[in-house]
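# Here is my input, please return the structure:
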Amino acid sequence: MIKRYEALLWFAMLFVSAHSSGFVYAGDSAEGIPEQLGAKANDLQYSDHIKVCQVGYLVDETKIAILTTEPQGKVVVRSYPNDEIVASLPVGSVSFDSDTGDSVRLIDLTEVSKPGQYYLEVPSVGRSFDFRVGNDIFTRPFQVSMLFYTGQRCGTAVRLAGDFSKYHHAQCHVSDAHFDASTGRSGKRSLTGGWHDAGDFGRYSINSGISMGTLLWAYELNAEKLRDVELMIPEKTGHLPQMLTEIRWNLDWMLKMQDQSGGVWHKATTAKFPGSILPESDNATMLIVGSGHDPFLTTQATGNLVAVAAIAARVYRPFDPDYADQCLSAAKRGWKWLESTPDSHFKTNPKGIETGAYEDNEANDERLWAASELFRTTGDARYHEYFLKSFRRIRPMFNSGFPHEWKNVHALALYGYAIEKRPEVDPKVQQEIRLEALNAADEIVNRVLLNGYRVPLSTENYIWGSNALVANYGMMLRLAHRISPKPQYLDAAQDSLHYLLGRNTFNTSFVTQIGKRWPMNPHHRPSEADDVVEPWPGMLIGGPNAQNANEKRPPARQWDDVQQSFTTNEVAINWNAPLVFLLSEALPNRGPNP
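Next comes the predicted model:
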């Protein structure tokens, strides 16, 4: 069911309510209503010319807002709700941002460091959305972004908790999956569980790999922060951290996708994408899909499982040693398959299958990531030797112009080795990798500082899933900071978060239910088919995409909030993962228990 009429009605109600209370959500047309400095908050008009991170800023970070019109004096920072002036700030000189077509001026808010809630007031322009300053401001966004994965659960009834209990669907996809002809087999197999990959209900080994690796790293690197952070999940988890409980839902499914030989099947989907229906209404036959040629399992799917299971063996061991052993055993069996089997690629969908292909004709990166993580987990020389023999195949090692993605996990193998503390690490090799990682980070920082919106994207980066590129660039900067701590790495990584959470040309948070304004029409079947107007929470949408788009608009403005636009408005588990990584890095050293 398409809810366009409902969405329009919701916005109309919001507009009427806004006028009745004195609040107006305004865009470029806001300039016609002058406001006097010193007016009360309820008399001021919201202006899309004033762009802030709608979640807020950490106490000690560099805080930047953006103005896209000519100010008539200094900007005033007021506390909310008492409207007291806490700072009067100058506005930077104007510069033209070619990717958006905006003339931008930076407002440096760094001196506003007292925890609290604030807004900006610009003479003759209006006011910004409210934002917070504090060290715990990213805790709820972290929880809600992880809640996205709970909403994507397959094989069970889902009802979100807390403020989001109106979002639910019944049990789905519990029948055994049938082996498609592309597997060279017949019969059925139980494959319940896992996460729906994106706006559809397919489950894909390849995309699960980078998603799970990123999430497991987020926990591993921030365990002290995340161990006690509560999520809105249905289970009682005992001593297992709730983040690891949610991750295990998909990890268990990935383990089921491993064949007895050690190799891994490519995907489990129906033959075609379903319409705009809830998961429980998708009654088409679930298929296990292979490559269509001997050995039918694929190198990329197997390498992804090996890497993820090896990380999981480290992460789950303090809580469940038996499960850690199960993961490590799966990783080792997968590695033996990789060693004994020539590369087997998924080059295209087999006949009759129309779901996401995730095709990939290069597997050296998956093999390297698998070896890197197995070495980090076991210290075994054979994995180390493979890594040392293979890590220089791609130069430069890190691409500052395009971050890691599902199709290229080479950088993840290198970052893992760069931050590893095992005594068996080759110090010269580690230093070589670290220097290249820092060079890439320096180049990203320079691009951020030259960009009007302080975003790491180049003009060429406005492609399908550009928001995921922003988050993955931020992840690269955070990992570089772990190698060599530098304030500029942290600032630029935070700039990625600020862009995604509202400090962008649309003055919109790209994450549903986070911030003050977010996309209402993501390409996400449960959001389309349920009877709730607002979309399911915590979903990072794909964002501006200038590929084959309207050439009359600059690349960073190539986004419309339209459900059918899967190239700009779809969601995906691998896009949310680096967002979760950035949010986990920004949490206070001891996460609270809200």
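# all strands for the stretch 101-250 of the chain, in order.
According to DSSP state E, counting those that start in this stretch, the stretch 101-250 of the chain carries its strands in the segments 102-108, 116-122, 126-127, 131-133, 158-159, 168-169, 177-179, 188-189, 203-204.
# what pLDDT, on average, does the fifth one get?
Predicted confidence along strand 158-159 averages 96 (mean pLDDT).
# So which elements touch that strand?
Judged by 3 or more C-beta pairs under 8 Å, 6 or more residues apart in numbering; DSSP states H and E, the packing partners of strand 158-159 are strand 168-169. Every C-beta, even on glycine, is put in place using the N, C-alpha and C of the backbone.
# Just name the most buried of the strands of the stretch 101-250 of the chain.
Comparing the strands of the stretch 101-250 of the chain by mean neighbour count (mean count of other C-beta atoms under 10 Å), strand 203-204 ranks first with a mean of 28.
# so what's the residue nearest to T150 when sequence neighbours are not counted up against?
Sequence neighbours aside, I233 is the residue nearest to T150 in space, at 5.4 Å (criterion: C-beta to C-beta, 6 or more residues apart in numbering). By C-beta atoms under 8 Å, 6 or more residues apart in numbering, I233 lies in contact with T150, A161, Q242, T245, E246.
# I'd guessed the first one sits against T245; true?
No. With contact defined as C-beta atoms under 8 Å, T150 does not count as touching T245 (9.8 Å).
# So if I had to pick from those two, which one is more boxed in?
T150 (26 against 18; other C-beta atoms under 10 Å).
# Give me the pLDDT value at the more buried one.
With respect to pLDDT, T150 scores 97.
# And W10, by the same measure?
At W10, the model reports a pLDDT of 38.
# again with the one 10 residues further on
As summarised for this prediction, S20 has a pLDDT of 30.
# care to break the protein down by domain?
4-133, 139-585 (automatic domain parsing).
# biggest helix in this protein by residues?
helix 427-450 (DSSP state H).
# packing partners for it?
helix 410-419, helix 466-483, helix 487-500.
# How far off centre is the longest one?
Going back to what we said before, that points to helix 466-483. Helix 466-483 has its C-alpha centroid displaced from the chain centroid by 11 Å (C-alpha atoms, centre = their mean, to the nearest Å).
# Buried residues of it, list them for me.
Neighbour-count burial for helix 466-483 flags 466-481, 483 (criterion: 16 or more other C-beta atoms under 10 Å).
# And the helices in the stretch 1-150 of the chain?
4-21, 139-151 (DSSP state H, counting those that start in this stretch).
# in the last one, what counts as buried?
Neighbour counts over helix 139-151 (16+ other C-beta under 10 Å) mark T139, P141, F142, Q143, V144, S145, M146, L147, F148, Y149, T150, G151 as buried.
# Measure how it sits relative to helix 487-500, angle-wise.
60 degrees (axes from the mean of the first three to the mean of the last three C-alpha atoms, to 10 degrees).
# For helix 139-151, enumerate the helices and strands it packs against.
Contact partners of helix 139-151 among helices and strands, from 3+ C-beta pairs under 8 Å, 6+ apart: helix 242-256, helix 573-585.
# Can you pull out the residues in contact with that helix?
55, 158, 160, 164, 167, 195, 229-234, 243, 246-247, 249-250, 501, 511, 513-514, 526, 536-540, 571, 573, 576, 579-580, 583-584, 587-588, 591-592, 594.
# count of neighbours near K272?
Residues near K272, counting by other C-beta under 10 Å: 12.
# pretty sure it contacts G356?
No. K272 lies out of contact with G356 (C-beta under 8 Å); the separation is 11.4 Å.
# Give the helix, strand or coil label for the nearest residue to A310 once chain neighbours are set aside.
Spatially, and ignoring its direct neighbours in sequence, A310 is nearest to E373 (3.8 Å; C-beta to C-beta, 6+ apart). Using DSSP: H, G, I helix; E, B strand; the rest coil, the structure places E373 in helix.
# how much space between E373 and D102?
42 Å (C-beta to C-beta, to the nearest Å).
# before we move on, the earlier item: packed most tightly, which of the domains of the chain would that be?
domain 139-585 (a mean of 21).
# Can you get me the start-to-end distance on that domain?
11 Å (C-alpha to C-alpha, to the nearest Å).
# just stretch 94-104 next, same as before
6 Å.
# same deal with stretch 388-398?
16 Å.
# got a list of contacts for that stretch?
364-365, 367-368, 371, 410-411, 413-414, 417, 426, 429, 433, 436-437, 439-440, 476.
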